[in-house]
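K.L.:
sequence first, then the predicted structure:
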Amino acid sequence: MTTKTTAHLRREHDEIRQRLRGLSGYLRALEGGDTGGCGEAADFLDSLGEGLLQKHEEKEEDIILPQLARMGLSWSDGALAHVRKDHRHGRDFFRTLRQSMHLRNQWSSFERAHFLSIARAWVEFVKEHMIREERILFPFMDANLSSEDDALIVSQLEKTDAEYADMAASTSLVSDGRFAQRLSGKCEQPGVSKAREGSEPSSH
Ligand SMILES: [Fe+2]
Ligand SMILES: [Fe+2]
């Protein structure tokens, strides 16, 4: 039986997948050959990496994985250890991806190709990580979590949501909106159109 806990996590995975699809659309447009970078993509990655993904991983690291250990899974071996290692690797991977965007609107063809290759590998890494959790950890939780613990954990997950809500309102939604606008038809020449639009300066 699906618990409220794994339903919550699966919903978040779906949300992450949706954002990754948006990013993949941008990568395809960029591959089409424009010579610019795209500041909105950097903002989008920040909102994804420092907002939704960070929140999701914090829930797993602080709430879900310790609960799975209490339910009998080894902390230092097997599935839990693998997922924890994925999380550490994912944080380093994201930093590398983010650093590859530092020139933003002045990319050379080499820098663009470098970014594209890291970004594609990162998207695949995140997708595979989520599949691993869905195939191994979530079924174990669904089979073994008591309804009392399920209710308790969901309340902790929702508390984390509340803690992140202000940040999401002030950064992620705005960035995602700009990025969505870019994807809707202005991504052929990101560097040129951003300069033409006179977008506000970014902090990166
Ligand atoms: Fe995870
Ligand atoms: Fe996850």
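P.N.:
Right, received. Where do you want to start? Numbering: from 1, shown residues only. Ligands and ions are numbered 1, 2, ... in the order given.

K.L.:
name the single longest helix found in this structure.
P.N.:
Determined from DSSP state H, the single longest helix within the chain is helix 4-31.

K.L.:
packing partners of that helix?
P.N.:
In terms of contacts (3 or more CB pairs under 8 Å, 6 or more residues apart in numbering; DSSP states H and E), helix 4-31 is packed against helix 39-47, helix 53-59, helix 109-132, helix 138-144, helix 147-167, helix 173-181. Where you see a C-beta, it was placed from the backbone N, CA and C, and this is true even at glycine.

K.L.:
pull out the buried positions in that helix.
P.N.:
By 16 or more other CB atoms under 10 Å, the buried positions in helix 4-31 come out as 5-6, 8-9, 12-13, 16, 19-20, 22-23, 25-27, 29-30.

K.L.:
how far off helix 147-167 does that helix point, in degrees?
P.N.:
Angle, helix 4-31 to helix 147-167, by axes from the mean of the first three to the mean of the last three CA atoms, to 10 degrees: 40 degrees.

K.L.:
about what we covered before: most neighbours per residue, which of the helices and strands packed on helix 4-31?
P.N.:
Of all these, helix 39-47 has the most neighbours on average by mean count of other CB atoms under 10 Å, namely a mean of 23.

K.L.:
by contact count, what packs against that helix?
P.N.:
When contacts are defined as 3+ CB pairs under 8 Å, 6+ apart, helix 39-47 packs onto helix 4-31, helix 78-99, helix 173-181, helix 190-197.

K.L.:
what mean pLDDT does the longest helix of the chain have?
P.N.:
Taken as a whole, helix 4-31 has an average pLDDT of 92.

K.L.:
ok, stretch 145-157 next?
P.N.:
The pLDDT scores in stretch 145-157 average 98.

K.L.:
can I get it as PDB, trimmed to CA atoms?
P.N.:
Output of stretch 145-157 as PDB, limited to C-alpha atoms (Å, rounded to 0.1, in the frame of the first residue of the first chain):
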ATOM      1  CA  LEU A 145       5.900   1.900   7.700                       C
ATOM      2  CA  SER A 146       3.200   2.000  10.300                       C
ATOM      3  CA  SER A 147       0.300   4.400   9.800                       C
ATOM      4  CA  GLU A 148       1.300   6.200  13.000                       C
ATOM      5  CA  ASP A 149       4.900   6.800  11.800                       C
ATOM      6  CA  ASP A 150       3.500   7.600   8.300                       C
ATOM      7  CA  ALA A 151       1.400  10.500   9.800                       C
ATOM      8  CA  LEU A 152       4.300  11.700  11.900                       C
ATOM      9  CA  ILE A 153       6.800  11.700   9.000                       C
ATOM     10  CA  VAL A 154       4.300  13.500   6.700                       C
ATOM     11  CA  SER A 155       3.900  16.300   9.300                       C
ATOM     12  CA  GLN A 156       7.700  16.600   9.400                       C
ATOM     13  CA  LEU A 157       7.900  16.800   5.600                       C
END
